[in-house]
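Q: model this:
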Amino acid sequence: MLDVLLRILRTGQLTEPLPDADNTSPASSILQKNLLGILGRALCIRHVDAGSCNGCELEIQALNNPYYNLEGEGIRFVASPRHADLLLVTGPVSVNMEEALKRTYDAIPDPKMVIAVGDCAACGGIFGTSYASRGGVANILPVNYTVTGCPPSPTDILRGILNTVRATSARNEISNTVRYSS
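A: Numbering: from 1, shown residues only. This is a model prediction of the structure:
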């Protein structure tokens, strides 16, 4: 015990310095404006674990810490799929979770966005397709974006969320232009 305390005293604090309170990131303000322009409000995410080992969940939870500050950027997790804009799925789809995943997807209002997070959600990973697993999420639902990795880093997950929102907004702008120009 004394060894550990002495090591802590020798090393000191290993934290990053706090950002300036009055200096907001231009990328942050651009992200908030884009989300408000696309959705008119914060981006709401519903996360479903379809049978994973929880490695991807740890990385998703890291997005909520002060370093990534998703809430401050206008992105938040919700408990109900009826309030969600985006479905974040981790793990291979187990037979027992297939129906629950379909119901969650059906409850999300249009336009629906789905992101498969991790190698297991992408292709079934080490579990593949078997009597207990349906494989990747794309075998059950239409997937907009896949974040690969075992587990993927929080930065990769955030990049996948932003790319999906951008692609969906561009698709909606094109369809609105075609609809109104006719």
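Q: Could you point out the longest strand of this structure?
A: As assigned by DSSP state E, the longest strand anywhere in the chain is strand 43-49.
Q: mind listing what it pairs with, with the direction of each?
A: Strand 43-49 has its sheet partners listed here by DSSP bridges as strand 75-77 (parallel), strand 86-90 (parallel).
Q: got JSON lines for those, with mean neighbour count too?
A: Glycine gets a C-beta too; all of them are placed from N, C-alpha and C. Formatted as JSON lines, the strands paired with strand 43-49 follow (neighbours: other C-beta atoms under 10 Å):
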{"stretch": "strand 75-77", "mean neighbour count": "19"}
{"stretch": "strand 86-90", "mean neighbour count": "27"}
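Q: Would you format those as JSON lines with distance to residue 126 included?
A: Output for these, formatted as JSON lines (distance: least, C-beta to C-beta, whole Å):
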{"stretch": "strand 75-77", "distance to residue 126": "27"}
{"stretch": "strand 86-90", "distance to residue 126": "14"}
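Q: least reliable of the ones you listed going by mean pLDDT?
A: Least confidently modelled of the strands paired with strand 43-49 is strand 75-77, at a mean of 87 by mean pLDDT.
Q: one step back: for the record, mean pLDDT for the helix or strand following the longest strand of the chain?
A: Using DSSP states H and E, the helix or strand that directly follows strand 43-49 along the chain is helix 55-62. Helix 55-62 comes out with an average pLDDT of 89.
Q: so helix 55-62 versus strand 43-49, what angle?
A: On the basis of axes from the mean of the first three to the mean of the last three C-alpha atoms, to 10 degrees, helix 55-62 is oriented at 150 degrees to strand 43-49.
Q: Check which element follows helix 55-62 along the chain.
A: Helix 55-62 is succeeded, C-terminally, by helix 70-73 (DSSP H and E).
Q: Give me the distance between that next one and the centre of its chain.
A: 13 Å (C-alpha atoms, centre = their mean, to the nearest Å).
Q: Just the buried residues of it, please?
A: 70, 73 (16 or more other C-beta atoms under 10 Å).
Q: Show me what that helix is packed up against.
A: helix 26-39 (3 or more C-beta pairs under 8 Å, 6 or more residues apart in numbering; DSSP states H and E).
Q: The helix it packs on - what's its average pLDDT?
A: For helix 26-39, mean pLDDT is 63.
Q: The residue sitting furthest away from the middle of the chain and residue 10, how far apart?
A: In the chain, residue 2 marks the outermost C-alpha relative to the chain mean, sitting 42.0 Å out by C-alpha atoms, centre = their mean. Using C-beta to C-beta, to the nearest Å, residue 2 is found at 13 Å from residue 10.
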